[in-house]
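Participant: Output the structure for:
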Amino acid sequence: MDVFLTISDTVLGVPYFRSSDDANSASYIDLRLTPEKIDEVPEAQEWPVLRELLIAINSPQSKLLSIGCGVFVYPSSAQTEPWTAFAYIGYGLSDLELASDARVYFPQFFHFSQHHREKKDTGANVFFELRQTSFYDLKANCFTVDFIVRAWGSSEAELRTRIDAHFGLLREFLPLMGLTPP
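Facilitator: As a prediction, this is how the structure comes out:
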């Protein structure tokens, strides 16, 4: 499995708002403050492993908070081409002052890539994408991470399995770094 570190030049503003007409998307929900709203996150309803990850990241014992998530599956456009998917979960350190230095995330990237270096041909690549994030209500600027899975396969079922497996790798990894409860 290839693991990449990228840096987005687009600043994310939090909270962000989505159209109420879009049933497949949600505005920002602070799941640390309102964990009971997890069912308002469409992806958490459809992807149990993503739901578990959101609960762990936003638990009171966690050092993290979630920023957003999404899963997009694209059917093959021709018989010879694979199905593809793009899935992500955005998170950051809940200590926004500590998160104001992007370097605090490099150990996560390094240790994740080292921990999983023996995994070959998983049918997906993983990206840790650093992003500057502005929390408007708190008047705080910091960095967050989008953990991105770009997968390919022969069917939607195969992609679902691959996405679940890669989100599972992150779920297993974060407690090893002392960031979420086991």
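Participant: Look up the closest residue to Arg131, ignoring the ones flanking it.
Facilitator: Nearest non-adjacent residue to Arg131, counting by Cβ to Cβ, 6 or more residues apart in numbering: Ser8, 4.4 Å away. (Each C-beta comes from the backbone N, C-alpha and C, glycine too.)
Participant: Show the contacting residues for the one you found.
Facilitator: Applying Cβ atoms under 8 Å, 6 or more residues apart in numbering, we find Ser8 in contact with Glu129, Leu130, Arg131, Gln132, Asp146.
Participant: And Val11, by the same measure?
Facilitator: Contact analysis of Val11 by Cβ under 8 Å, 6+ apart lists Arg131, Gln132, Thr133, Ser134.
Participant: For the strand ranked longest in the chain, enumerate its sheet partners and note whether each is parallel or antiparallel.
Facilitator: Determined from DSSP state E, the single longest strand within the chain is strand 140-153. Taking DSSP bridges as the criterion, strand 140-153 forms sheet pairs with strand 83-93 (antiparallel), strand 124-135 (antiparallel).
Participant: what's the following helix or strand after the first one?
Facilitator: It refers to strand 83-93. Toward the C-terminus, strand 83-93 is succeeded by helix 106-115 as the next helix or strand (DSSP states H and E).
Participant: For that following helix, buried residues please.
Facilitator: Buried residues in helix 106-115, counted by 16 or more other Cβ atoms under 10 Å: Gln108, Phe109, Phe112, Ser113.
Participant: how much does it deviate in direction from strand 124-135?
Facilitator: Helix 106-115 runs at 170 degrees relative to strand 124-135, counting by axes from the mean of the first three to the mean of the last three Cα atoms, to 10 degrees.
Participant: Now helix 106-115: average pLDDT?
Facilitator: Mean pLDDT, helix 106-115: 92.
Participant: picking that back up, could you export the contacts of Val11 as a markdown table, including neighbour count, pLDDT and distance to Ile55?
Facilitator: Converted to a markdown table, those look like this (neighbours: other Cβ atoms under 10 Å; pLDDT from 0 to 100; distance: Cβ to Cβ, whole Å):
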| residue | neighbour count | pLDDT | distance to Ile55 |
| --- | --- | --- | --- |
| Arg131 | 20 | 95 | 23 |
| Gln132 | 16 | 96 | 26 |
| Thr133 | 21 | 96 | 21 |
| Ser134 | 13 | 95 | 26 |
